[in-house]
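Undergrad: the sequence and its predicted three-dimensional model are supplied below.
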Amino acid sequence: MIELWSNLPPLLQMAVKGFAVIAVMFPIGGACSLVERKISAWMQGRPGPNRAMPFWFAWVPVLGPFLQRLGVFHLMADGGKMFLKEDSLPGHVNKFYFLLAPVVAMIPALTTVTVVPFGAYLTDAGRLAPLVLANLDVGILAVFAVSSLGVYSLILAGWASNSKYPFLGGVRASAQLISYELSMTLSVLPVFLWVNAPGGSGTLSLFDVVQAQSGPWLSWSGAWFIFYMPVSAIVFLVSLFAETNRLPFDMAEGEADLVGGFHTEYGSMKWGLFFVAEYSHMLVGSGVFVLLFLGGWNPLPWVPLADVAAWLHLAGQPVLLGLLSIAIFLGKTLFFIFVFMWVRWTVPRFRYDQVMKLGWQKLLPLAIGNLIFYAALIAIIQLNLGWPAYAGLAAGAAAALVVAFTFPRKSAAF
Amino acid sequence: MPYVVERKPLTLSERLYLPQILSGMRVTLKHLFARNVTMEYPEQRPAIPAGYRGVPTLVKDPHGREKCVSCQLCEFVCPPKAIRITPGEIPADAPAAHVEKGPKEFEIDMLRCIYCGLCQEVCPEEAIFLQNQYSMTGYTREEMVNRKARLYELGGTLPDNHFKWDKKKEAAEHGGGH
């Protein structure tokens, strides 16, 4: 089996791998819409969608009613509706860009996944190798570069709709993305400062970030980055919410003030593609968060995947180990998808000026301060400056926090 | 009297915002596992409280006599003019011949009815009641007009404390007067 696989031409291999990943990701993106409906219903004390069922499935004894209660068939009903309903094209739109926008939404959403490793296996040499479509050295840069292209689809959709409210939605989306992209990038820099120890070859690969969190029991390198870079993790997570246009940051689609948002003029599957793209973005974003701060495919802190493989005697079976690692990684990622939904149905939408204030006045200084703190800390560790330097750093950080929180602010509101 | 609401400055945890979001998330998580509060309607039906004002219906007394005497008070009091009554004579050989009149036709247009219950309140014969029926549907306007037969079908028989007309008849047979 494995010989057969490795004898295939590399181009075919890549195509198969790519399709396999898309075949997993696209349904998850679609299923998320159902999960979102279900979770929102449960949080609001409703049963949620529970009616749709193909008539022949009603004969299956226990499973049929159970899946019906779970609303699984609503997924197909929703999808079918999206495909079958009239695909209207309003007369006043700029047709070329109007049709292009949903496509542009999907491309970055599905492209970023190429550089995100989603699992690992042990090679014959006993070394951990990533399961990834393209293990680029510039990993995180590629993710940032491509994923921020996603906002072009919103701008394009808003502009091509040739209508006021979609346009406002597009403008808001672009301003918001620019504001939060900065904090997001700055918040992951400490992680890569930490990973790139002097002497080694520099890397921005996400696989190496996970490797840096795969140390043995109770060692420094075994702890996940969220434990010693909590501020980075929080800033990254908040920016991720803003980047993926999720509540409380979904400025681009305020029903109350923008009718619908950038997608007001869209219908049927063109509309659906925007949301599959949004969910794919969430999936990739959560995946990157898990890789950067939550140890990727390591099941528990200080319990790396390689140890688990040794306990379960999976070292000689790359396929099984790969599936196990994918399951662990996907489990963590799906948990974060759940967190996205959980937050969405908890907090109300920000006002637009609040979004801008939070981005520029709170998160950006926090991210910069965080970067300076870790840069200084890493310098102190590397230069062996001893405890006076640590005390000085702690005092500096404390002073900065005190100043930040007692500085008189002009407006009392938020 | 107008008064000024005191706006307290935000506390530190409110200004940090995240603790507040976390406490909100704790609330929603609790609700995620809490029992549903909705009723799944066609399968589960709500318990109708006493005194519920549903669809107006006509009722019969325990002897099976239609109680309405077509005095038309309900028709006059009905605010949206949903009731239309055609009064008629009761044939002399009918068991209820001692009753003054009966409705020949009785229509309540449920597209107009506002379920106010004034017809029930005004009826001197306790013949019209707003009962538990709450779901009225139809495909045409014609279907939404409840005619006499349908009104009695919906209303059924209710207990009667007075048997007014029987007493009147008995009194008349025993020499008149009340």
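TA: It's in.

Undergrad: pLDDT weak spots in chain B?
TA: Per-residue confidence of chain B (counting by pLDDT under 70) places the weak regions at B:176-178.

Undergrad: burial measure for the residue in it that chain A sits nearest to, as a count.
TA: With C-beta to the nearest C-beta as the measure, the residue in chain B that lies nearest chain A is B:Val37; the distance is 4.1 Å. Quick note: C-beta positions are derived from backbone N, CA and C, even for glycine. Taking other C-beta atoms under 10 Å in any protein chain shown as the neighbour definition, B:Val37 ends up with a count of 10.

Undergrad: show me what the top helix by length along chain B is packed against.
TA: Looking across chain B with DSSP state H, the single longest helix is helix B:18-33. Helix B:18-33 sits against helix A:10-43, helix A:318-344, helix B:12-16, with contacts defined as 3 or more C-beta pairs under 8 Å, 6 or more residues apart in numbering or on different chains; DSSP states H and E.

Undergrad: that one to helix A:10-43, inter-axis angle?
TA: When axes from the mean of the first three to the mean of the last three C-alpha atoms, to 10 degrees is applied, the directions of helix B:18-33 and helix A:10-43 differ by 80 degrees.

Undergrad: partner strands of whatever helix or strand comes next after helix B:18-33, with direction?
TA: Following helix B:18-33 in sequence order, the next helix or strand is strand B:56-58 (DSSP states H and E). Pairing partners of strand B:56-58, with direction, according to DSSP bridges: strand B:128-130 (antiparallel).

Undergrad: who's in contact with the strand it pairs with?
TA: Where contact means C-beta atoms under 8 Å, 6 or more residues apart in numbering or on different chains, the residues beyond strand B:128-130 that reach it are B:52-59, B:68, B:74, B:115, B:117, B:119-120, B:155, B:158.

Undergrad: farthest-apart pair in those, please.
TA: With distance counted by C-beta to C-beta, no two of those lie farther apart than B:Tyr52 and B:Cys68, which are 21.5 Å apart.

Undergrad: which one of those two is surrounded by more residues?
TA: Higher neighbour count among B:Tyr52 and B:Cys68: B:Cys68, with 27 against 14, using other C-beta under 10 Å.

Undergrad: does that one belong to a helix, a strand or coil?
TA: coil (DSSP: H, G, I helix; E, B strand; the rest coil).

Undergrad: OK, contacts around it?
TA: Applying C-beta under 8 Å, 6+ apart, one finds that B:Cys68 lies in contact with B:58, B:102-103, B:106, B:125, B:127-128.

Undergrad: ok, B:Gly117 touching B:Gly54?
TA: No: B:Gly117 sits out of contact with B:Gly54 when judged by C-beta atoms under 8 Å, with a separation of 9.9 Å.

Undergrad: find the helix or strand that B:Ile85 is a member of.
TA: Assigned by DSSP H and E, B:Ile85 falls in strand B:83-88.

Undergrad: report the buried residues of that strand.
TA: Buried residues in strand B:83-88, counting neighbours by 16 or more other C-beta atoms under 10 Å in any protein chain shown, are found at B:83, B:85, B:87.

Undergrad: from B:Pro103, how far off is the nearest residue to the first one once chain neighbours are set aside?
TA: The spatially closest residue to B:Ile83, leaving aside those adjacent along the chain, is B:Glu75, at 4.6 Å (C-beta to C-beta, 6 or more residues apart in numbering or on different chains). With distances defined as C-beta to C-beta, to the nearest Å, the gap from B:Glu75 to B:Pro103 amounts to 10 Å.
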